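Student: Any chance you can model this:
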Amino acid sequence: MRKLTILLLGLLCASVFYGQEKQEQIIPKLYIIYIDEKGFPLKCNDQFINQSDLNKISSAKIKVDDSKYKVLGFILYYTDNMGNILVEVANDGNFSEKQIKVIKQIDSGKSQYVSGIRLQDINSGKNFMFPYALEIGASCNLVEIDPLLFIEYTNKDGVKSKHKGKRIAKDDLVTAISVQAENNDVISFKLKYNDSKGNTLIASSPSNEFTSEQRAMLESIVFGKPIFISDIVLKDNTTFPYLVEVGIISKEGTEVPPSYIGGGKELFAFLSKNVKYPTESLTAGIKGVVYVQFIVDIDGRITNVEVLRGVDEYLDKEAVRVVESMPNWEPGMQDGKVVRARFTLPINFTFKDSGGNEDSNKQTKKKKNNR
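Tutor: Alright, predicted model coming up:
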């Protein structure tokens, strides 16, 4: 009997990357434990394990340094040789066999990180999202000092903002961007991002202010590729162990693609809940990627849904049905104005058979064509 499961393998097309907002909630310390084939933890050196030791990993897990918290799940992000961002989802704090395989195959110069870490307060039962990302190979030692960090944007009028939820318009927040720590001072940090081939590039700042080089990187980055600050050094020479995601600055006259409200994780949740594998296709053993194209109208409505490239009648109909059932999106922008924009969404239908081959997923790598 074939077993249908749901897993997202591609970067969600509507993912929007935010600056971190200061939070009142106490943030528990998290780190990654890597175990070798003999069951011993791999040694960390100054927060990192050696690249050559990554292929010795037999298991790994996210550790919370507080017994009142439990890890409910996380997402492993990584890049392929074409620069595409892919993800593998875990439903608890342990890395899956496939995630371990991905880690061991990491190419030198390409980054991997864990984000979307879901935690539960065991006492209250309350769930929440850990606001930082953990870099694979790093964050493997516990750091005693753990301040709240966030990115602060200053506009031309001197108004400071911890921007959240949208891309940052170039004509809105242009004068300064800085890294701030609660009850501490930041003395230096690095900016990390991926080029078109998936290689991780780094630009350093000797203070807590973004340099002109780093600002230029933000303005030239391809939408959909994440940018992080890392190696954040505090005034007592402690290095902050987490990655903080940066909002992307939109250049004047450049299109801002439409996006699913709430970002990639919300789109992932919607697809996971609503896509149903048609019985007819499942019985016939039919798999494949259905490319659905639609228009996001100026009010965010999804219209003109059509199959750009299909697989079979039933898979095509299911892909169209799910897209038509989506709530309103954040509309696209062109030259500072809201516009109708076309969007192409690949949905990959596959399943796991009785032999355990091939995991099912809904792959959603972003492709966009503005009208």
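Student: Tell me where the stretch 101-250 of the chain has strands.
Tutor: 112-121, 127-129, 134-135, 149-154, 160-161, 168-169, 176-181, 186-194, 200-205, 227-234, 239-240, 244-245, 249-250 (DSSP state E, counting those that start in this stretch).
Student: Can you lay out the ones you listed as a markdown table showing distance to Lys287, mean pLDDT and mean neighbour count?
Tutor: Yep, even glycine has a C-beta here, placed from its N, CA and C like the rest. As requested, the strands of the stretch 101-250 of the chain are exported to a markdown table (distance: least, Cβ to Cβ, whole Å; pLDDT from 0 to 100; neighbours: other Cβ atoms under 10 Å):
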| stretch | distance to Lys287 | mean pLDDT | mean neighbour count |
| --- | --- | --- | --- |
| strand 112-121 | 26 | 88 | 20 |
| strand 127-129 | 32 | 82 | 13 |
| strand 134-135 | 33 | 88 | 22 |
| strand 149-154 | 42 | 81 | 20 |
| strand 160-161 | 46 | 74 | 14 |
| strand 168-169 | 40 | 52 | 20 |
| strand 176-181 | 45 | 85 | 20 |
| strand 186-194 | 29 | 88 | 20 |
| strand 200-205 | 33 | 88 | 15 |
| strand 227-234 | 34 | 86 | 21 |
| strand 239-240 | 44 | 83 | 20 |
| strand 244-245 | 34 | 80 | 20 |
| strand 249-250 | 38 | 48 | 22 |
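Student: Dump these to a markdown table, plus distance to Tyr77.
Tutor: Written out in a markdown table, the entries for these read as follows (distance: least, Cβ to Cβ, whole Å):
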| stretch | distance to Tyr77 |
| --- | --- |
| strand 112-121 | 5 |
| strand 127-129 | 15 |
| strand 134-135 | 10 |
| strand 149-154 | 19 |
| strand 160-161 | 26 |
| strand 168-169 | 21 |
| strand 176-181 | 21 |
| strand 186-194 | 10 |
| strand 200-205 | 12 |
| strand 227-234 | 10 |
| strand 239-240 | 19 |
| strand 244-245 | 11 |
| strand 249-250 | 21 |
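Student: closest one to Lys104 among those strands?
Tutor: Of all the strands of the stretch 101-250 of the chain, strand 112-121 sits nearest to Lys104, with 10.7 Å by Cβ to Cβ.
Student: Report the separation between Val289 and Tyr314.
Tutor: For Val289, the distance to Tyr314 (Cβ to Cβ, to the nearest Å) stands at 15 Å.
Student: burial measure for the nearest residue in space to Asp66 that is not next to it in sequence, as a count.
Tutor: Of all residues not flanking Asp66 in the chain, Pro28 sits nearest, at 4.5 Å (Cβ to Cβ, 6 or more residues apart in numbering). Residues within reach of Pro28, counting by other Cβ atoms under 10 Å, total 15.
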